[in-house]
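>>> whatever this is, show me its structure:
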Amino acid sequence: MTGARIEHLVTSGTFSLDDGTWEVDNNVWIVGDDHEVMVIDASHDAEAIARAVGDRVLRAIVCTHAHDDHVGAAPEVAARTGAPVLLHADDHELWKQTHPDRTPDGPLAHGHVLAVAGTELVVLHTPGHTPGAVCLHAPALGAVFTGDTLFQGGPGATGRSFSDFPTIIRSIRGELLTLPPETIVHTGHGADTSIGGETPHLQDWIDRGH
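Numbers count the residues shown, from 1 in each chain. A predicted model of the protein is given here:
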């Protein structure tokens, strides 16, 4: 039995890409216990994230992808805590648009297992929203953290640079909809959903082509 739990923080700021800027609210997920945690997506507000971590050891800052609204606060949180920033190598070009003078500290790759508070999170490479997008499956918690790959109601956006709709559909079909249907989907923005709740709509997403 795992002693880890999932904590949720919402931070607000902007997302900028392809000469556009939008106001966004982001989900920051903290997985761990009273002693050590892992942050999934250090979005916007390093101070708020540091307060949420408190005096616990921060084992890693895991980036589901490198859009600026998901990685903007990562270097500052790392500087405050000494935690490494982890990002899939295929998103380094996007990362450099936000942090040209600071590289991530380590890679994420498909099948890698990250551990915190006795709980394993399995890295799933799910390109489409970005080339290096990943999800993190925590079987013991019955959860998957999907960043902007899968939301309540469908896939993440693929209408901007570095994205591709057929690729995100392949990722969702092959890596996410194969998880147990009761798995809770913790997304990068907005409400939770479940694998079972989204699976019946796969063909609808394909037909709509969004």
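>>> isn't residue 43 up against residue 13?
Yes - counting by CB atoms under 8 Å, residue 13 is a contact partner of residue 43 at 7.1 Å. Yep, even glycine has a C-beta here, placed from its N, CA and C like the rest.
>>> okay, and the common contacts of those two?
Counting by CB atoms under 8 Å, 6 or more residues apart in numbering, the shared contacts of residue 43 and residue 13 are 26, 69, 72.
>>> which of those are buried? Put it as a PyMOL command.
Restricted to buried positions by 16 or more other CB atoms under 10 Å, the PyMOL selection for these reads:
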select buried, resi 26+69+72
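>>> more neighbours, residue 43 and residue 13?
residue 43 (31 against 16; other CB atoms under 10 Å).
>>> now that one: which helix or strand?
Applying DSSP states H and E as the criterion places residue 43 outside every helix and strand.
>>> list the contacts of the helix-or-strand element of the chain with minimal mean pLDDT.
Ranking every helix and strand in the chain by mean pLDDT, DSSP states H and E puts helix 202-208 at the bottom, with a mean of 87. Here helix 202-208 makes contact (CB under 8 Å, 6+ apart) with 154, 155, 169, 172, 173, 177.
>>> next one: it to chain centre, how far?
In this view, helix 202-208 has its centroid 23 Å away from the chain centroid, taken as CA atoms, centre = their mean, to the nearest Å.
>>> and the helix or strand hosting residue 60, how far from the chain's centre?
Assigned by DSSP H and E, residue 60 belongs to strand 57-62. Computed by CA atoms, centre = their mean, the chain-centroid distance of strand 57-62 equals 14 Å.
>>> residue 188: how many residues sit nearby?
Other residues near residue 188 come to 27 when the count uses other CB under 10 Å.
>>> so what pLDDT did it get?
Residue 188 is assigned 98 on the pLDDT scale.
>>> so who does it touch?
Residue 188 touches 26, 27, 41, 64, 70, 146, 147, 148, 151, 156, counting by CB under 8 Å, 6+ apart.
>>> how does it look with 6 Å?
Neighbour list for residue 188: 27, 147, 148 [criterion: CB atoms under 6 Å, 6 or more residues apart in numbering].
>>> and if you look at residue 90?
131, 132.
>>> related to what we said a few turns ago, in the strand holding residue 60, what counts as buried?
Quick answer for strand 57-62 (16+ other CB under 10 Å): 58, 59, 60, 61, 62.
>>> next one: the helix or strand following that strand to chain centre, how far?
For strand 57-62, the succeeding helix or strand toward the C-terminus, using DSSP H and E, is helix 68-71. Once both centres are worked out by CA atoms, centre = their mean, helix 68-71 turns out to sit 10 Å from its chain's centre.
>>> right, I'll leave it there.
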